[in-house]
Structures are given as C-alpha cells and as structure tokens.
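Asker: below is the sequence, then the predicted model.
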Amino acid sequence: MRMEILNILSNPTTTPPWMTSSNSFFNSTTICKYKFISKYNVSIFSPLSSLSKSNPSSKFSHMPTNSSNPGIFPTGYGCSWMQEKSMYETNAKNGRKQGPLYSVFPTKPAEVSSVQDLFDFICAGPLMSKLGFTEEMVTESLDKWIAYGSYLSRLFQLNELRLTIPQKARFYHYYIPVFFWCEDQISQHRSMYKDGEEIPPLVIGFSAPQGCGKTTLVFALNHLFNVTGRKTATISIDDFYLTAEGQAKLREENHGNALLEVTMYIGLKYLSIQQRWLRGNAGSHDLSFSIETLTAITKLTKEGTKMKLPRYDKSAYKGKGDRADSSTWPEAEGPLMAVLFEGWMLGFKPLPAEVVKRVDPQLETVNKNLEAYYDAWDKFIKAWIVIKIKDPSCVYEWRLQAELAMRAEGKPGMSDEEIKDFVSRYLPAYNAYLPTLYSEGPNGSDPNRVLVIEIDEGRNPF
C-alpha cells in the first residue's frame, strides 16, 4: 500500500547566507565563520570505515559524493530554489503518480540563523548515537549536511530558511542521517569486491507499516543519490502484485478469506463482491516475476545496461488494479549503486501454524504463502532499514489523516468505518509478524546490517 507523498509549499524570499559569493558566513554576533571545503569525498562514516581518505585504492573512493566541480554545489546553482524540476516531475520519472502528501506539521517558522545553530540542531538528533555520529564527524561533513538539506528543501518546494521545527527534524534528524548510513552500507558492500570485479548494486530493504512515511523516505533518499551523482533505482512490493487475471484466480481459490479479499472503495461506497480486489497479504504477489525482476536489476553493473522497472496501476479495472502496461514503465540504467526496495511486509518470517491461528484463523493460509517469500524478495536484500512503530493501530490514524485531508480538498475518500474495515485486513499480519521482525530482524538478515528506527505517532524518530 502507498501513502501519497507530501509537498509543503513555501515561497522563498532570500538567498541562503551560506550561498553568498564569498562562500562563507558570519552570523549577526560573529559566532562562527564557515567555509565550504570539498576534500571530504567520502561518507560521514569515513573516520570509522576502511574507505577513508587514506585508502584511495578503494572502489568507493571513486564514487562521487558531490558534484564533479570543485565547490559543494553544482555549477549554476545560484540559490536553493532556482529552477528545478518539481517533486511531481522527479517522481514521474520513477513511474510513480504522486499527489500532495498531507501534513499535520505546525506552521511556526524556525529560521536557521547561523551555521552554528544548524550544527547544534543536527547534533541534538535522536539518531546520532545509534548511527555512531560524533560532533567531530558532523563538523567535518557539515558542508554535506547543508547541501543535502538544500537539495531536500528544493525537492519538497520549501524555503530552507523558514523550515518549521518538524520539517527541520524530518530532514536533519531523519532523512539525511539515514542517507549517510546508506552511503556507508554501499561502501562496505563495494569493499567486498576485488579490483576489476563487477559490483552489483546493493539492495537496501525498507520494511515499514503502511502510512508511516517509508515511500517519502525512499523518495528523498533516491533524490539525494541522484543529485550527488549516484545511480539508484526504486521498487516496491506493490509492483509485484498479481495481474488482474491472477487476482481473479486467487479470489476463486480463497473465497471467504477476508485477509485475501481486500475490499476496494470508490466514491465512499463498497464495491460488490465481484469487484473486490485481492492484493495486500502474502499470496497476492507474483513471486516468479519478483525473482526475474530483482535478478535482472542486480545485473545493471555497466554503463549502457538498461531495463524497464515494473509498475502497478491501482486504478485499472475501476480500482481492482492491474500491472501497468510495460510501455509506461520507467527505465533504470547502470551502473547502479543501490536499489531501494520498500514494502510493508518485507522481512516477515513464517511462524508456527498454532501461533498465527491464535491471532486470526484466516492468517494460516497467508502464513503458508509467506514461506516462499524469502527466495522471492528477502534473499536479495543485503542491508535493511526497519521502521518500528509502538502500536499497529497507528496505521489507522495515519490513514484517517490522509482521508480527512482528501475530503477537505473535495476528493473522494473513505468514511471512518470504511477506513477501519480496510485497515483491519492488515492488522492480523502486523500483530503476528511485527514482534518477530523487531526482536529477531528481517528474514535472513545480517544483524550488523540492520538499522532499526523507532518512530512516534508523528512519524518522527525518537
């Protein structure tokens, strides 16, 4: 399932002080002077990794971290809100039709008055200790933090000088730290190969419940990779849903199982039993197609290698959905550095039958189907980001927020009762599989390559 991506608009007024022609900045009380330096062409983890400046022979050392020009910003950058393709255009390239992401952010401005203020704000982030960040590491890479914050502000069409505190936290306490972690995972991955060997892209899995912001996180990370010169591809478990024909067959084989008969709503009315769509839980995906696609995408290791990335059209057949026509699929081109693979049930492990039956007897069939998912999905993933929630009931609240915002804009949306029914089809799987995912990690994962991020009801890490 996908939540729509949020686009918070803010009209820019002035050029950021750190982007003046002198490339330096004095605040009003001359607290600090900061000059951009571009010698740190490795990730923020470089002091801790084997791929530091002292190891120029490393494969990752040749991977561009910033643009190829001497400064931190690309030539002609001018200012952070200069002409740039909007998030809608950027996302269209990935084959995603994204509307505005609905926000409950406060609107009180929290201006960045100095680089020192930003430094202090970054160092107060909840992921600092989890990721092993130190103040020294932030100092050495502060030019990157500023650049990445500017890139994200442009992506989401925000004035970087007037970000609200939640917006600042989303960028500097969440998206950018996770991006640095991904960079380090790529460096570790690439260091495992000898010179001259073809290096497959690192597949990073994002396992997170519906509505918690994983699609927006992946969207932001993919953009940061692209604007810093790294080729990546994004794919979702949604893209591997059965075709409409396959859904019809699944319906016939599982008639009466509410977990495999997820009701679609259009115009606030239930569809008839003949119009129900069968997507969501284990069993509603084309696993052979998944293996074929993921195998092919990991072979995009050379210049000129290309492939089409499948996409799913949920609007087809009046909401029942079908695989989109291949002529509309976006194209990925090698060499890829990473594949960002996201889904609400990635990494779920099958459990003993008696355990799932206690949660919901209908889950037994889903649990049996889940046995085939490791070979189809999880074995391709070498690094994991697990977004952990306190209570699966948050999924209902997040879905309700989106529906209320859609109604406020005059768009069709589900009623409160319809939302409850919709979410209830997924809650058994959450209740059964999330405890094991959180305690043992994703199916077949390396504990040293799993990042667990706990988020609150506001979708913010803590």
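Answerer: Here it is on my side, so go on.
Asker: contacting residues for A220?
Answerer: L152, L155, Y175, F179 (CB atoms under 8 Å, 6 or more residues apart in numbering). (Each C-beta comes from the backbone N, C-alpha and C, glycine too.)
Asker: now do it, the pLDDT please.
Answerer: At A220, the model reports a pLDDT of 98.
Asker: same check, this time on L400
Answerer: Reported pLDDT for L400: 86.
Asker: in which helix or strand does it reside?
Answerer: helix 394-408 (DSSP states H and E).
Asker: number of nearby residues for D322?
Answerer: 19 (other CB atoms under 10 Å).
Asker: I'd say it and A316 touch.
Answerer: Yes - if you go by CB atoms under 8 Å, D322 and A316 touch, sitting 3.9 Å apart.
Asker: follow-up on the earlier one: send me the helix holding L400 as PDB with only the CA atoms.
Answerer: Output of helix 394-408 as PDB, limited to C-alpha atoms (Å, rounded to 0.1, in the frame of the first residue of the first chain):
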ATOM      1  CA  CYS A 394      -1.200   4.000  14.300                       C
ATOM      2  CA  VAL A 395      -1.800   2.700  10.700                       C
ATOM      3  CA  TYR A 396      -5.500   3.500  11.200                       C
ATOM      4  CA  GLU A 397      -4.700   7.000  12.500                       C
ATOM      5  CA  TRP A 398      -2.300   7.700   9.600                       C
ATOM      6  CA  ARG A 399      -4.800   6.500   7.000                       C
ATOM      7  CA  LEU A 400      -7.500   8.600   8.600                       C
ATOM      8  CA  GLN A 401      -5.300  11.700   8.400                       C
ATOM      9  CA  ALA A 402      -4.800  11.200   4.700                       C
ATOM     10  CA  GLU A 403      -8.500  10.600   4.000                       C
ATOM     11  CA  LEU A 404      -9.600  13.600   6.000                       C
ATOM     12  CA  ALA A 405      -7.200  15.800   4.000                       C
ATOM     13  CA  MET A 406      -8.500  14.300   0.800                       C
ATOM     14  CA  ARG A 407     -12.100  15.100   1.800                       C
ATOM     15  CA  ALA A 408     -11.100  18.600   2.700                       C
END
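Asker: and that helix, what other elements does it pack with?
Answerer: The contact analysis (3 or more CB pairs under 8 Å, 6 or more residues apart in numbering; DSSP states H and E) places helix 394-408 against helix 416-424.
Asker: ok, then the element right after the helix it packs on?
Answerer: Next along from helix 416-424, by DSSP H and E: helix 427-440.
Asker: just the pLDDT at G132, thanks.
Answerer: The score at G132 is 95. That number is its pLDDT.
Asker: between D322 and A316, which contacts overlap?
Answerer: Residues touching both D322 and A316 (CB under 8 Å, 6+ apart) are A244.
Asker: still on that earlier bit, and which of the contacts of A220 is nearest G441?
Answerer: For these, the closest approach to G441 (CB to CB) belongs to F179, at 21.6 Å.
Asker: and the closest one, that's in a strand?
Answerer: No - with DSSP: H, G, I helix; E, B strand; the rest coil as the criterion, F179 is assigned helix and is not in a strand.
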